[in-house]
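1. Predicted model follows, preceded by the sequence.
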Amino acid sequence: MPSLHITPPFRKTIKKLSGEDQEKSVEAVELFFDFLMGKEVPRGLGYKKLAPDIFEFRVDIRLRIVGIVEEDQYYLYAVGSHDQVRRFLREKR
């Protein structure tokens, strides 16, 4: 069964967001968890694999959440703009 892990780097990046963006991010994480548990992919989630072990999904048009998957363990690492996601990917390579 898949499990979802919130990492310290994710907590750090979400704290930097406005209150409204934090709420949207939490809602997106809840939708993503539902998706992992076998429910339908919610419209607008925009889940995609960026590399074999890296994924992202949308919070809204500006923000993305990026993470790493190892088998059925999903680790959320950052929430931010497209540029911040690209920076994360460069650091992980």
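-> Cool, the structure landed.
2. Any idea how far apart the tips of stretch 46-54 sit?
-> Taking Cα to Cα, to the nearest Å, stretch 46-54 runs 14 Å from one end to the other.
3. Begin at 504, not 1, for the rest of this chat.
-> That works, and once the first residue is 504, the last one we named lands at stretch 549-557.
4. List the buried residues in it.
-> Buried residues in stretch 549-557, counting neighbours by 16 or more other Cβ atoms under 10 Å, are found at 553, 557. C-beta coordinates here come from the backbone N, C-alpha and C atoms, glycine included.
5. quick one: contacts of that stretch?
-> 535, 538, 544, 558-561, 567, 569-573, 588, 592, 595 (Cβ atoms under 8 Å, 6 or more residues apart in numbering).
6. let's see 10 Å
-> 531, 534-535, 538-539, 544, 558-564, 567-574, 578, 580, 588-589, 591-592, 595-596 (Cβ atoms under 10 Å, 6 or more residues apart in numbering).
7. Also stretch 582-596?
-> In contact with stretch 582-596 (Cβ under 10 Å, 6+ apart) are residues 512-520, 524-525, 527-528, 531-532, 553-554, 556-557, 559, 562, 565-571, 580-581.
8. Report all helices and strands that the helix or strand encompassing L507 contacts.
-> Taking DSSP states H and E as the definition, one finds L507 inside strand 506-509. With contacts defined as 3 or more Cβ pairs under 10 Å, 6 or more residues apart in numbering; DSSP states H and E, strand 506-509 has these neighbours: helix 522-539, strand 567-573, strand 576-583.
9. Which is the succeeding secondary structure element to the longest one?
-> So that's helix 522-539. Following helix 522-539 in sequence, per DSSP H and E, is strand 551-554.
10. Report the rounded mean pLDDT for the helix or strand that that following strand is followed by.
-> Using DSSP H and E, the helix or strand that directly follows strand 551-554 along the chain is strand 557-561. Mean pLDDT, strand 557-561: 94.
11. partners of the strand holding L507 in the sheet?
-> Strand 506-509 pairs in its sheet with strand 576-583 (parallel), by DSSP bridges.
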